[in-house]
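**Q** Have a look at this fold, sequence not included:
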């Protein structure tokens with residue numbers, strides 16, 4: 001009786017393992033994998049009733065137009081999923097997220113405008129991804145962040161005009177990439193792809209057909225032909241500006257920092273200020289040509305303290321201890337980003353030069369003003385320390401007997417530190 005029950009049990013398992021929707025044909029491969037063959041069946045959607053043990057699912061050449069969330073929840077063990085030559089225009093987030101065993105995904109020759117890129121975070125074992133011959137116009141920079149096993153990526157024949165810097169960097173196993181027949185705009189935003197293509201060991205299939213569609217002067221030329229001299233990463237230099245004379249400054253010290261940038265295209269300047277009491281981000285000038293502050297609706301209250309001019313200068317009137325902190329100038333263009341930071345401190349002393357040399361044995365001779373060389377970028381963006389020692393003088397009596405604070409050359413000192421990490 002025992003052997004009979006055992007045989008019946010095995011038969012039941014086999015029957016359950018071969019459960020198959022009507023339009024499909026299912027079979028067991030020699031390697032033990034279950035195949036569900038549902039191609040060329042005019043199916044408008046993913047069929048229901050598939051066995052949870054299916055590892056190969058073929059749905060090519062049907063009429064599927066959309067993939068809903070959980071469309072493949074019944075087949076969590078699928079390793080190869082073929083969906084080519086359908087009419088799929090998009091997929092909801094979560095459509096593929098349950099397929100954690102997936103190794104091969106073919107969505108080629110569809111009409112996909114959108115794709116749930118976040119689903120790829122669950123597909124860490126994916127080895128082949130075919131998205132070619134669709135209508136994809138872009139993809140996020142971190143789209144392939146989790147695909148450390150991906151070997152072959154097909155993106156050709158889409159509507160891609162650019163790709164974010166570093167798109168393919170998270171793919172250590174990549175050996176084949178297809179990008180041809182996309183209308184690439186070969187601006188400096190795509191210059192990183194030229195450099196990557198020249199240094200990578202990845203095979204760019206039909207690399208010569210990866211052509212520029214714009215701008216006009218580069219139309220028809222290979223992406224790898226973008227002229228290097230037209231795309232130069234930013235360099236940045238930060239200097240301290242001061243009027244070192246005996247001018248009376250009744251309103252106190254005005255700190256001025258000037259950020260000089262170079263690059264092609266000309267970089268935009270942004271500022272980041274971190275003081276003990278606040279952090280401020282300023283994306284551009286807030287002072288108009290006539291010297292007036294931009295309308296209050298465009299300038300946050302936290303930014304009004306810092307006057308940023310179009311020429312790259314920042315001024316902080318009535319600079320005080322509350323304004324001490326790290327001031328960072330950030331230069332941004334289509335090729336990349338560079339930044340330099342200075343640590344500004346305020347101190348008082350009867351003999352500031354003596355105190356400065358005691359506090360900072362690396363201080364440069366007095367009168368130094370440049371605090372960063374843009375071509376010698378600190379990779380961590382820490383920059384050099386800038387220490388300002390501001391001597392608060394004794395009151396000087398004016399002609400009317402009033403007390404007027406006076407600031408002179410000997411009372412305002414600038415010291416240059418050594419770049420962090422050098």
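**A** Perfect, I can see it now. The structure presented is a predicted model; accordingly, all values stated were derived computationally and were not measured.

**Q** How much space separates the most centrally placed residue in the chain from residue 210?
**A** Within the chain, the residue whose C-alpha comes closest to the C-alpha centroid is residue 141; the distance, by C-alpha atoms, centre = their mean, is 6.4 Å. With the distance defined as C-beta to C-beta, to the nearest Å, residue 141 ends up 19 Å from residue 210. All C-beta atoms are positioned from the backbone trio N, CA, C, and that covers glycine.

**Q** now residue 130
**A** Residue 130 sits 17 Å away from residue 210, taking C-beta to C-beta as the criterion.

**Q** again, but for residue 194
**A** Relative to residue 210, and taking C-beta to C-beta, residue 194 is found at 10 Å.

**Q** which residues does residue 161 contact?
**A** Shown here is residue 161, whose contacts under the criterion C-beta atoms under 8 Å, 6 or more residues apart in numbering are 137, 138, 182, 183, 184, 185, 213, 214.

**Q** and if we set it to 10 Å?
**A** With contact taken as C-beta atoms under 10 Å, 6 or more residues apart in numbering, residue 161 is in contact with 137, 138, 182, 183, 184, 185, 186, 187, 189, 190, 213, 214.

**Q** Same question for residue 50.
**A** With the criterion set at C-beta under 10 Å, 6+ apart, residue 50 makes contact with 19-21, 24, 26, 34, 36, 38, 57, 72, 74-75, 78.

**Q** Now with 6 Å, please.
**A** Residue 50 makes contact with 36, 74, 75 under the criterion C-beta atoms under 6 Å, 6 or more residues apart in numbering.

**Q** same deal with residue 134?
**A** For residue 134, counting by C-beta under 6 Å, 6+ apart, the contacting residues are 110, 112, 158.

**Q** now swap in residue 92 and tell me
**A** The contact partners of residue 92, taken as C-beta under 6 Å, 6+ apart, are 68, 69.

**Q** Now it. Its backbone dihedrals?
**A** Per-residue torsions, residue 92: phi -70, psi 150 (degrees, to the nearest 10).

**Q** re earlier: so which of the contacts of residue 161 wins on neighbours?
**A** For the contacts of residue 161, the largest neighbour count, defined by other C-beta atoms under 10 Å, is 28 neighbours, found at residue 186.

**Q** about what we covered before: was I right about the residue nearest to the centre of the chain contacting residue 162?
**A** No: proximity of residue 141 to residue 162 does not meet the contact threshold set by C-beta atoms under 6 Å, at 11.0 Å.

**Q** Pull up the pairing partners for the strand or helix carrying residue 56, direction included.
**A** Under DSSP states H and E, the secondary-structure element containing residue 56 is strand 54-58. Paired strands of strand 54-58, with direction, are strand 34-37 (parallel), strand 80-82 (parallel) (DSSP bridges).

**Q** and the longest one, how far out from the chain's middle?
**A** If I follow you right, that is strand 34-37. Between the mean C-alpha location of strand 34-37 and the chain-wide mean there is a distance of 41 Å, by C-alpha atoms, centre = their mean, to the nearest Å.

**Q** residues in contact with it?
**A** 24-29, 50, 53-58.

**Q** Now that we have the residues you listed, can you turn them into TSV and tack on pLDDT and distance to residue 173?
**A** Putting the contacts of strand 34-37 into TSV (pLDDT from 0 to 100; distance: C-beta to C-beta, whole Å) gives the following:
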residue	pLDDT	distance to residue 173
24	95	32
25	95	34
26	95	32
27	94	31
28	92	30
29	84	25
50	94	30
53	94	28
54	96	26
55	97	22
56	97	22
57	97	24
58	98	25
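
**Q** Just the buried ones from those residues?
**A** 24, 26, 50, 53, 54, 55, 56, 57, 58 (16 or more other C-beta atoms under 10 Å).

**Q** Is the third one part of a helix or strand, or is it coil?
**A** What DSSP: H, G, I helix; E, B strand; the rest coil gives for residue 50 is coil.

**Q** gap between it and residue 29?
**A** Summarising the geometry, the distance separating residue 50 from residue 29, computed by C-beta to C-beta, is 16 Å.

**Q** Repeat that for the fourth one.
**A** As for residue 53, its distance to residue 29 is 12 Å (criterion: C-beta to C-beta).

**Q** Which of the contacts of strand 34-37 sits closest to residue 337?
**A** residue 57 (43.9 Å; C-beta to C-beta).

**Q** Run a quick check on residue 178 versus residue 154, I expect a contact.
**A** Yes: taking C-beta under 6 Å as the definition, residue 178 is a contact partner of residue 154 at 4.6 Å.
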